[in-house]
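> whatever this is, show me its structure:
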Amino acid sequence: MKYIGKALILSAALVAAQSQPVSNTAKPPAQAQAEKQAPTENPAQPESKLKAESIAAITKEQFGSTFSVTTIMSTSFIVADFDSDGVEDVAIVADSKDPLPDSYDFKYVVADPYNAYFGMGNPRISALFGSADRSRNHSLLVIFGAGKEAWRSATPKAKFVLINIPFDTVEAGRMLTRKKNTPPIFVIKAVESQLMDSAVWFDAKRKKWHWEPGGVRD
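Predicted structure coming up:
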């Protein structure tokens with residue numbers, strides 16, 4: 001009778017085990033605990049942080065260490081085809097106390113389309129104008145892209161530093177040109193929250209930047 005009792009208990013245990021649902025993802029407790037405590041390799045950073053780090057690195061590589069990407073605006077860069085060649089370009093909002101000297105080493109062109117609109121467009125002189133006006137202390141660093149990497153290319157098509165343009169933030173916009181039967185071009189929309197919007201655009205034929213006033217804000 002003793003052996004019969006043990007057999008009945010063993011049979012009941014086997015039936016109970018077979019009746020439990022099987023999980024393909026179940027892991028031994030020790031393995032599960034170890035995986036829970038193990039550090040994740042190369043944790044992914046937030047996309048916004050990765051973008052900020054990438055833009056900062058590109059700024060330093062293409063324009064030098066005298067420029068720093070703005071940290072006080074919600075938008076630090078915009079991407080669009082500003083020279084209408086079918087390749088993406090970028091405009092970066094940056095700060096620099098003196099944008100002129102590094103132009104030789106880093107092969108960028110300094111332009112002042114805002115003051116040029118009023119007939120005073122020599123950047124060697126007008127670079128001093130914005131020092132007393134905080135809204136003009138930001139520069140727009142524009143990289144014209146080249147090849148498959150576009151504006152991320154190590155050797156871009158062209159680089160510009162646009163100074164003295166007043167804005168609180170920037171956006172990518174579209175604008176119709178005076179030429180008939182031509183599509184609208186991409187522009188840098190410079191927004192002054194307390195005053196007006198304006199457009200900064202590139203004349204691909206003359207290879208020149210322009211500033212034009214837009215609508216006055218209420």
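
> what residue is smack in the middle of this structure?
Closest to where the C-alpha atoms of the chain average out (CA atoms, centre = their mean) is residue 77, at 4.5 Å.

> what does the helix or strand hosting residue 94 contact?
With elements delineated by DSSP states H and E, residue 94 resides in strand 89-95, which encompasses its position. Where contact means CB atoms under 8 Å, 6 or more residues apart in numbering, the residues beyond strand 89-95 that reach it are 55, 58-59, 63, 67-70, 73, 75-83, 137-145, 150-151, 170, 188. Where you see a C-beta, it was placed from the backbone N, CA and C, and this is true even at glycine.

> run the last query once more with 6 Å
In this structure, residues lying in contact with strand 89-95 by CB atoms under 6 Å, 6 or more residues apart in numbering are 59, 67-70, 73, 76-79, 82, 138-145, 151, 188.

> how many residues are close by residue 203?
By other CB atoms under 10 Å, 12 other residues sit near residue 203.

> could you give the angle of the helix or strand hosting residue 141 to strand 89-95?
With the criterion set as DSSP H and E, the secondary-structure element containing residue 141 is strand 138-144. With axes from the mean of the first three to the mean of the last three CA atoms, to 10 degrees defining the directions, strand 138-144 sits at 160 degrees from strand 89-95.

> could I have strand 138-144 exported to CSV, CA atoms only?
Below are the C-alpha coordinates for strand 138-144, written out as CSV (Å, rounded to 0.1, in the frame of the first residue of the first chain):
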residue,chain,number,x,y,z
HIS,A,138,23.2,85.6,-33.2
SER,A,139,24.7,84.5,-36.4
LEU,A,140,23.3,82.1,-39.0
LEU,A,141,25.8,79.5,-40.1
VAL,A,142,24.7,78.1,-43.5
ILE,A,143,26.2,75.0,-45.0
PHE,A,144,25.3,74.2,-48.6
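
> and it, which strands flank it?
Strand 138-144 has the following strand partners under DSSP bridges: strand 89-95 (antiparallel), strand 158-162 (antiparallel).
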